[in-house]
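1. sequence and predicted structure below; questions after.
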Amino acid sequence: MTSPIHEIHKSLGACFCEIKGWEMPGHYSNPVEEHLNVRSNVGILDLSHRGKVIISGKDRTSFLQKILSQDINSLTPSSGAYSTLLDVKGRMLAYMKIYCDEDSFFIDLEPGLSEIFVQALKHYQFREDVVMEDVTERYGLITVQGPQSRQLLSSVANMDIKDMPECSHINLPINNINTKVVRTSYTGEEGYDIYALRDEIHTVWDALIGPIFGIEALETLRIEAGTPVYFSDMDEHTIPVESNLDKAISYTKGCYIGQETISRIKFRGHVNRTLTGFYINGDIVPVKGDKIIKIIHDIEQNVGVVTSACHSPTLNKIIAMGYIRIECSEQGETVHIESGSQRLPAVVTKLPFYTRD
């Protein structure tokens, strides 16, 4: 599959990469320069491959309230939140952003998750009046990220856009196209997602005059920001508390699928591992699945695993995210990462690696 503006990317000299069956721009020029543009100014990125689901019907709110981990009853039109879909053991089947509209919910998911999500929800649907539509290919999505993102958006929309809470959204005409604009960030910078119909997203892209960036720069930006991604840093075996996703969980709402496990961890126990960061000495970048080793009582033990890693253009260091046993997770702990035939010295650090002051 390709983005609705695939031909535009080709004309701009994009080098493409494959993501869950989609051919998307990996980079246009130097990915490091694209990365630094976002940190210092602004960057524009096509994310049309992300999963998109619309849930409607008169029972939509009560249905999602008993299924998802977020307090759906608290959402009002133009508001939004992060949430998860869990199994009965509290493990994540999906991680999402959910946006409340007047007569429906619009749900944004990682590429490749929309079909899984819809099928999982249908498993719990009985007589409720709920309609679930996978609209991934109906809508395009462009994100604008960086400290100048709101200024660019205000200029394009010809209006002063005020600061918006995370996941809140507005309907905004851009170049005479109706769009949904959501305050969100993947990069640690201020950012906005812009949704428009597939046949109209090219008109929105044409209006957004500024530096463009690709998936490779997005990856280094989001690792610096400590932003976990489903399929990379989380999967169906992960409990959201392990991934520091408290923002996706309501601890005050009533029952939902997996709630018993989550409440027990929160109020009476703890998880055995946690997602954290690592600074790595040297110039070798570890890969997903590399083991994290520590000497404990003179015995070498496997204490964790790497999930994402890169050379950080902002910090000029090798950094990684991964899970480590709670007792080894204190900042400053020294460990080693086994990467191929190499053993890389590393130091545990808190996430994120980067925040804007």
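-> Nice, I can see it. None of these values were measured; they are calculated from a predicted model.

2. any idea how far stretch 306-326 is from the chain center?
-> Averaging C-alpha positions (Cα atoms, centre = their mean, to the nearest Å) puts stretch 306-326 16 Å from its chain's average.

3. list the buried ones in that stretch?
-> Going by neighbour count (16 or more other Cβ atoms under 10 Å), the buried part of stretch 306-326 is 306-314, 318-325. Heads up, the C-betas are built off the backbone N, CA and C, glycines and all.

4. and what of stretch 51-65?
-> Those would be 51-56, 60, 63-65, for stretch 51-65 by 16+ other Cβ under 10 Å.

5. now, which of the residues you listed lie within helices?
-> 60, 63-65 (DSSP state H).

6. now render the residues you listed as a markdown table, adding pLDDT.
-> Output for those, formatted as a markdown table (pLDDT from 0 to 100):
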| residue | pLDDT |
| --- | --- |
| R60 | 98 |
| F63 | 98 |
| L64 | 98 |
| Q65 | 98 |
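
7. export these to TSV and tack on distance to P173?
-> Below are those laid out as TSV (distance: Cβ to Cβ, whole Å):
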residue	distance to P173
R60	27
F63	32
L64	29
Q65	33
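
8. mind listing what the residue sitting nearest the centre point of the chain touches?
-> Centroid-nearest residue in the chain: V229, 4.9 Å away (criterion: Cα atoms, centre = their mean). Counting by Cβ atoms under 8 Å, 6 or more residues apart in numbering, V229 makes contact with 110, 222, 308.

9. same question, E115
-> Contacts of E115 by Cβ under 8 Å, 6+ apart are 51, 134.

10. now do the SS call for it.
-> helix (DSSP: H, G, I helix; E, B strand; the rest coil).

11. re the thing from before, next one: the residue nearest to the centre of the chain from I67, what distance?
-> 22 Å (Cβ to Cβ, to the nearest Å).

12. which residues of the stretch 151-300 of the chain fall in strands?
-> All strands of the stretch 151-300 of the chain, identified by DSSP state E, counting those that start in this stretch, fall at 169-174, 177-183, 191-197, 273-280, 291-296, 299-312.

13. the longest one pairs with which strands?
-> I take that to be strand 299-312. Using DSSP bridges, the strands paired with strand 299-312 in its sheet are strand 291-296 (antiparallel), strand 317-325 (antiparallel).

14. for N178, which of these is the nearest?
-> strand 317-325 (37.4 Å; Cβ to Cβ).

15. tell me the angle the closest one makes with strand 273-280.
-> Put simply, strand 317-325 runs at 150 degrees to strand 273-280, going by axes from the mean of the first three to the mean of the last three Cα atoms, to 10 degrees.

16. buried set for whichever helix or strand comes after strand 317-325?
-> As assigned by DSSP states H and E, the chain's next helix or strand after strand 317-325 is strand 334-339. Neighbour-count burial for strand 334-339, with 16+ other Cβ under 10 Å as criterion, is recorded at 335-337, 339.

17. tell me the pLDDT of the residue located most distally from the centre of the chain.
-> Most distant from the centre of the chain: D298, at 39.0 Å, with distances by Cα atoms, centre = their mean. As predicted, D298 sits at a pLDDT of 87.

18. how about the contacts made by K20?
-> K20 neighbours (Cβ under 8 Å, 6+ apart): 49, 111-112, 231.

19. list buried residues within those residues.
-> Using 16+ other Cβ under 10 Å, the buried members of these are 49, 111-112.

20. could these go into a markdown table alongside distance to R150, pLDDT and secondary structure?
-> Putting the buried ones among the contacts of K20 into a markdown table (distance: Cβ to Cβ, whole Å; pLDDT from 0 to 100; DSSP: H, G, I helix; E, B strand; the rest coil) gives the following:
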| residue | distance to R150 | pLDDT | secondary structure |
| --- | --- | --- | --- |
| H49 | 25 | 98 | coil |
| P111 | 26 | 97 | coil |
| G112 | 30 | 96 | coil |
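
21. which non-adjacent residue is nearest L85?
-> A94 (4.2 Å; Cβ to Cβ, 6 or more residues apart in numbering).

22. please apply the same query to G80.
-> With Cβ to Cβ, 6+ apart, the residue lying closest to G80 is C167, at 3.3 Å.

23. how close does that neighbour sit to Q70?
-> C167 is 10 Å from Q70, by Cβ to Cβ.

24. Y186 too?
-> Y186 is 19 Å from Q70, by Cβ to Cβ.

25. next one: W22
-> Applying Cβ to Cβ to W22 and Q70 gives a distance of 27 Å.

26. between the two, which one's more packed in?
-> Neighbour count, other Cβ atoms under 10 Å: between W22 and Q70, Q70 has more, with 23 against 19.

27. per-residue pLDDT, L245?
-> 97.

28. and stretch 221-240, how far out from the chain's middle?
-> 7 Å.

29. no further questions, thank you.
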